[in-house]
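> just a sequence and a predicted model for now, questions to come.
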Amino acid sequence: MADHDVVVIGAGFAGLYQLYALRELGFDTKVLEAAPDVGGTWYHNRYPGARCDIESIEYSYSFDPELEQEWDWSERYAAQPEILAYVRHVADRHDLRRDIEFDTRVTALDFDDTANEWTVTTDDGARRTARFVVAATGCLSVPLHPRFEGEDEFTGATYRTWNWPHDGVDLTGKRVAVIGTGSSGLQTITAIAPDVAALTVFQRTPPYAVPARNRTITDELAAVKAHYPEFRELSRLSRGGAQCAGDEPPFFDDLAADDASAELGRRWLDGGLCYQQTFRDLLQDPVANELAAEYVRTRIRETVHDPEVAEKLTPRSYPIAAKRMCVDTGYYEVYNRDNVALVDLTEDPIRRITARGVVAGETEHEVDVIVFATGFDAMTGALEAIDVRNGDRTLRAKWADGPRTYLGLMSAGFPNLFTVTGPQSPSVLSNMMTSIEYHVEWIASALAHVRERGFARIEADVDAEDNWVNTTNDTADLTLFPNAASWYMGANVPGKKRVFLPFVAGVGTYKQICDGVAVSHYHGFEFA
Ligand code: FAD
Ligand code: N01
């Protein structure tokens, strides 16, 4: 008899809700979490300026209608402390901590093909068994830290956005370098620029950033609360798991040239990631994409006073939104400050770090502090960090040429192991809360089905998986996503196979497929 019905790995938004959902169904569930507390992303990423870029009204749980009514988000995009407070509140409200073991990292999962159970090994050497395992390990939970020559010689302080000191850091009057200009870098740069003595930004690829137009949302929130269930249902059926001003975007070719520009202007003024949904085919039609990209480039030129700096900040080498777009509050304006300098690493690559600072090209930039905002081994990193085995088979070997899953939920050959927002599901291309809740509920229903029928195992069928892998790759190939060296493609991790990782056809479509699979007796899954 296994120690637990289910072991869930991770106590971020996904793991917490999975625990709640399985507990409701009477499964004996244990959550193992490497960190000392709940929150996942929002526990770890405490850098200055950290906040969500999906609107808080949408980036929140829907499973608890009373919580939905009681919780008041202060801003359109809540800051990290508020989101962490929310996660903690949910954990307390549902007494979730009693089934969570903190400071406990899962290092290995071993499947016993005869007993149909997993042995879960943790970093303290303990082992426990579970009939099922749910990996809620996060898509952006394994930080990437490229090693720069000489890093250990640096005599100043170094910080990483993904594990910023909990008591904060006083950067007042310091000379600071920030390496990396993705979402984490942008938020950090914008937040610290007014306080530091000098800020040097090391940029390898300029991002496309759209204004957040953050604001307090008392009235908006009240209006949504009046019909939250209907609001959530629309999000679940939408493409991105969140709504964009409630309308269906037009196809680019259906618009006259002036109307297309006007639409971009409207989205720009609304602010936020809906900009990338100005045209339904913005990521399929290169002409539409270029128009949307050029619109942003023009805004950069208008905002940044020094034309040379503006040019360096202007993204040209990849389609807009093919890398994750950034949502900013005054990012480009930062470069009009006298205390901010931009180093373009395509002209002057980082050669080494010295005792005094960062050498890029021929110049040594002397600083007191270096902030690394260099990203994550996304989507597969956390799963592949665990030694997952079934006899001679390992997940790492199976995924060496890219992940292979059925629906992003299971991988053939590894029965009774589910992933929440796994590769080949919409996950990072969506409002993650919508995708997390959908997966958690789907997995809970599947486990209830297994139990009701008296089965001991559920496993993805190889043919179904092959079809799904082909579908996800083929649909991605119809888009402009593969034209960017992005973390969606695994391109930011040296040696990682370049394969487009998420399912591109949208949350609503994906839900219809997975709902259909479930009602057709879990077509494509084998039970024993
Ligand atoms: P996580 O929050 O990553 O939690 C996974 C947990 O698993 C972590 O606590 C980790 O410690 C634990 N874990 C991993 N491996 C192991 C192991 N082997 N053993 C034990 N524990 C383990 N998404 C959006 O949709 N909107 C946003 O605005 C948004 N903003 C973001 C901002 C930042 C700074 C980052 C980094 C990501 C953001 N994301 C956003 C994505 C975000 O990761 C998800 O929205 C969401 O928080 C993921 O929740 P999760 O529970 O799936 O994973
Ligand atoms: O990471 P990133 P992130 N030398 O990979 C650069 C979510 N998120 O943590 O683009 C020099 O985007 C790298 O350069 P390049 C969101 O989904 C959301 O910022 O690879 N530079 C890039 O500029 C996001 O997409 C929010 O050429 C190096 C940067 O480091 C995801 O998390 C906030 C380098 C990494 O950017 C990841 O964002 C934060 C090197 N060796 C995160 N290696 C919100 O706003 C890497 N870089 C909600």
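Right, received. Where do you want to start? Residues are numbered from 1 along each chain as shown. Ligands and ions are numbered 1, 2, ... in the order given.
> which stretches in the stretch 351-500 of the chain count as strands?
Counting by DSSP state E, counting those that start in this stretch, the stretch 351-500 of the chain has strands at residues 357-360, 363-366, 369-372, 387-390, 393-394, 417-419, 458-460.
> give me whichever of those strands is most buried.
When the strands of the stretch 351-500 of the chain are scored by mean count of other CB atoms under 10 Å, the highest mean neighbour count falls to strand 417-419 (a mean of 27). C-beta here means a position set from N, CA and C on the backbone, and glycine is covered the same way.
> per-residue confidence averaged over that strand?
Strand 417-419 comes out with an average pLDDT of 98.
> repeat for stretch 352-369
Throughout stretch 352-369, pLDDT has a mean value of 98.
> and it, how far out from the chain middle?
Centroid separation for stretch 352-369 versus its chain: 31 Å, with CA atoms, centre = their mean, to the nearest Å.
> show me the contacts for the residue in the stretch 251-400 of the chain that ligand 2 sits nearest to.
At 2.6 Å from ligand 2, residue 375 is the closest residue in the stretch 251-400 of the chain, using CB to the nearest ligand atom. The contact partners of residue 375, by CB atoms under 8 Å, 6 or more residues apart in numbering, come to 143, 144, 180, 182, 184, 487, 492.
> got a list of what the residue in the stretch 51-200 of the chain that ligand 2 sits nearest to touches?
Residue of the stretch 51-200 of the chain nearest ligand 2, by CB to the nearest ligand atom: residue 182 (2.2 Å). Applying CB under 8 Å, 6+ apart, we find residue 182 in contact with 207, 324, 326, 373, 375.
> any idea which helix or strand comes after the helix or strand harbouring residue 133?
Assigned by DSSP states H and E, residue 133 belongs to strand 127-135. Note on strand 127-135: by DSSP H and E, the next helix or strand toward the C-terminus is strand 157-160.
> ok, the helix or strand that comes right after that next one near ligand 2 or not?
Remark: after strand 157-160, the chain's next helix or strand is strand 175-179, criterion DSSP H and E. Yes. Judged by CB under 6 Å from any ligand atom, strand 175-179 and ligand 2 are in contact via residue 179.
> what is strand 175-179 packed up against?
Applying 3 or more CB pairs under 8 Å, 6 or more residues apart in numbering; DSSP states H and E, one finds that strand 175-179 contacts helix 183-192, strand 198-203, strand 357-360, strand 369-372.
> how about these in a markdown table, adding distance to residue 435?
Shown next, in a markdown table, are the helices and strands packed on strand 175-179 (distance: least, CB to CB, whole Å):
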| stretch | distance to residue 435 |
| --- | --- |
| helix 183-192 | 18 |
| strand 198-203 | 30 |
| strand 357-360 | 38 |
| strand 369-372 | 28 |
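> nearest to residue 499, out of these?
helix 183-192 (22.3 Å; CB to CB).
> how far away from the center of its chain is that closest one?
Distance, centroid of helix 183-192 to centroid of chain: 17 Å (CA atoms, centre = their mean).
> can you check stretch 435-449 too?
Remark: stretch 435-449 is offset 20 Å from the chain centroid, using CA atoms, centre = their mean.
> pick out the most distant pair among the contacts of residue 182.
Maximum pairwise distance in the contacts of residue 182, criterion CB to CB, is 13.4 Å, between 324 and 373.
> thinking again about what came up before, phi first, then psi, for the residue of the stretch 251-400 of the chain closest to ligand 2.
phi 90, psi -160 (degrees, to the nearest 10).
> re the thing from before, so which of the helices and strands packed on strand 175-179 gets nearest ligand 1?
Closest among the helices and strands packed on strand 175-179, using CB to the nearest ligand atom: helix 183-192, at 5.6 Å.
> next, the angle from that closest one to strand 198-203.
160 degrees (axes from the mean of the first three to the mean of the last three CA atoms, to 10 degrees).
> excluding sequence neighbours, find me the nearest residue to whatever residue of the stretch 251-400 of the chain ends up closest to ligand 1.
Relative to ligand 1, the nearest point of the stretch 251-400 of the chain is residue 382 (4.4 Å; CB to the nearest ligand atom). Excluding its sequence neighbours, the residue lying closest to residue 382 (CB to CB, 6 or more residues apart in numbering) is residue 137, at 3.6 Å.
> residues near that neighbour, how many?
Residue 137 has 26 neighbouring residues, counting by other CB atoms under 10 Å.
> circling back: as a markdown table, the contacts of residue 182 with distance to residue 399 would be great.
Formatted as a markdown table, these follow (distance: CB to CB, whole Å):
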| residue | distance to residue 399 |
| --- | --- |
| 207 | 28 |
| 324 | 22 |
| 326 | 29 |
| 373 | 27 |
| 375 | 20 |
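> pick the one among the residues you listed closest to residue 354.
Closest to residue 354 out of these is residue 373 (20.3 Å), distances taken as CB to CB.
> check which residues of the host helix or strand of residue 66 are buried.
Take DSSP H and E as the rule and residue 66 turns out to sit in helix 65-70. Within helix 65-70, the residues that qualify as buried are 67, 68, counting by 16 or more other CB atoms under 10 Å.
> following element in sequence after that helix, please.
Downstream of helix 65-70 (by DSSP H and E), the next one is helix 80-93.
> and that following helix, C-alpha only, in PDB?
The C-alpha trace of helix 80-93 is given here as PDB (Å, rounded to 0.1, in the frame of the first residue of the first chain):
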ATOM      1  CA  GLN A  80       4.600  41.000  -6.100                       C
ATOM      2  CA  PRO A  81       4.000  41.600  -2.400                       C
ATOM      3  CA  GLU A  82       0.200  41.800  -3.000                       C
ATOM      4  CA  ILE A  83       0.200  38.600  -5.100                       C
ATOM      5  CA  LEU A  84       2.300  36.700  -2.500                       C
ATOM      6  CA  ALA A  85      -0.100  37.900   0.200                       C
ATOM      7  CA  TYR A  86      -3.000  36.600  -1.900                       C
ATOM      8  CA  VAL A  87      -1.400  33.100  -2.300                       C
ATOM      9  CA  ARG A  88      -0.700  33.000   1.400                       C
ATOM     10  CA  HIS A  89      -4.200  34.000   2.100                       C
ATOM     11  CA  VAL A  90      -5.500  31.200   0.000                       C
ATOM     12  CA  ALA A  91      -3.300  28.700   1.700                       C
ATOM     13  CA  ASP A  92      -4.500  29.800   5.100                       C
ATOM     14  CA  ARG A  93      -8.100  30.100   4.100                       C
END
